[in-house]
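no sequence for this one, just the structure:
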């Protein structure tokens, strides 16, 4: 910045005003500073600017799984609002508690103004120790920490929508492939499935098959279901990736979706909308969740609120061609 000021024949303070888009700079001076900066290849140092001001303009985002389009679509929402407000994102990929802590430590080295964590595996107490006083919003996993805001989906309601839809079509033997013991929202979805099955008088036919949140988890769960004998007439999968894995195994065994087995996913990710998948699924408004998470974070960064808040989003069901009435 000193070099730019010297080359343009202005003060360092005026150069700073130019790069902060201050209206107090004349068009002539602004043009001169930008011309010299371009000649010198100068770019503002975002870290230095953040350290020099009370609040930085960088937000760290930790993603649980890069292979799951659900998270990419949440990041789309975060990025859209961040871009509109002049914030930059630092993205990091976790994948397991140990790696998450390492990546989180790297992000914190850049002194972000705040953090958005997408379904972290790491316990909230450990996260709190790691981040210190940096504001945090957790998306997709409920936490109870004074310094952490939360944006979650009403998982039990979403599971109920899936089960009720299948029951209304006439299905009784509805299996659920769960998201596993550690999957964000998995326990709540499985619990919602069980409650809905009992409420509809189908408790005796309830069947929860352990799984996870990957396509391979769906493949393995479907193989177990088919190995047990006569398959259920409908399957509610923990998420869209799992549903695609289930669909592949059903196809390999000559079972048509929805002719032989109806299938419901969860998330309404881009994968569910692919033409040959065309999956009935529970919709989480991913873009809106991302924007809400960043808006919550900015309230904390700006000191507009001290108390933690929990935003619970109500999902909806999107019906496509993967569900139909069971064959007589």
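Here it is on my side, so go on. Just so it is clear, the structure is predicted and the values come from calculations on it, not from any experiment. Numbering: from 1, shown residues only.

where does residue 182 sit: helix, strand or coil?
coil (DSSP: H, G, I helix; E, B strand; the rest coil).

so what does it look like in phi/psi?
phi -110, psi -10 (degrees, to the nearest 10).

so how many other residues sit close to it?
Look at residue 182: counted by other C-beta atoms under 10 Å, it has 12 neighbours. In this view, the C-beta of every residue, glycine as well, is placed from N, C-alpha and C.

mind checking how far it is from residue 118?
Counting by C-beta to C-beta, to the nearest Å, the gap from residue 182 to residue 118 is 15 Å.

do the same with residue 291
The value you get for residue 291 to residue 118, if C-beta to C-beta is used, is 14 Å.

more neighbours: these two, which one.
Neighbours per residue (other C-beta under 10 Å) separate residue 291 from residue 118, with residue 118 holding more: 28 against 21.

show me the shaky parts of this structure.
Where the chain drops to pLDDT under 70, the residues are 44-55, 96-97.

in it, which spans are strands?
With DSSP state E applied, the chain shows strands at 58-63, 88-93, 114-118, 136-139, 148-153, 174-177, 207-209, 234-237, 262-267, 280-283, 310-313, 316-318, listed in chain order.

any buried residues in the fourth one, and which?
Of all the residues in strand 136-139, those buried under the rule 16 or more other C-beta atoms under 10 Å are 136-139.

do stretch 213-229 as well
Here stretch 213-229 shows 213-215, 217-222, 225-226 as buried, counting by 16+ other C-beta under 10 Å.

wait, doesn't residue 272 sit right on residue 286?
No - the criterion here is C-beta atoms under 8 Å, and residue 272 misses it with residue 286 at 11.6 Å.

re the thing from before, most tightly packed of the strands of the chain?
Each of the strands of the chain was scored by mean neighbour count; the highest is strand 234-237, a mean of 32, by mean count of other C-beta atoms under 10 Å.

gap between that one and the chain center?
22 Å (C-alpha atoms, centre = their mean, to the nearest Å).

going forward can the numbers begin at 22, since that is how I track them
Will do, 22 is the new start, and the previous item becomes strand 255-258.

who does that strand pair up with?
strand 195-198 (parallel), strand 283-288 (parallel) (DSSP bridges).

for residue 188, which of those is the nearest?
Relative to residue 188, the nearest member of these by C-beta to C-beta is strand 195-198, separated by 7.2 Å.

and the gap between residue 168 and residue 279?
46 Å.

save the strands of the chain as TSV, and put in distance to residue 47 too.
Putting the strands of the chain into TSV (distance: least, C-beta to C-beta, whole Å) gives the following:
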stretch	distance to residue 47
strand 79-84	30
strand 109-114	28
strand 135-139	35
strand 157-160	40
strand 169-174	42
strand 195-198	65
strand 228-230	69
strand 255-258	61
strand 283-288	52
strand 301-304	51
strand 331-334	45
strand 337-339	53
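
compare the ones you listed and give me the one nearest residue 220.
The nearest among the strands of the chain, by C-beta to C-beta, is strand 195-198 at 12.8 Å.

and residue 332, how far from residue 187?
29 Å.

likewise residue 161?
Distance from residue 161 to residue 187, by C-beta to C-beta: 24 Å.

many thanks, I have nothing further to ask.
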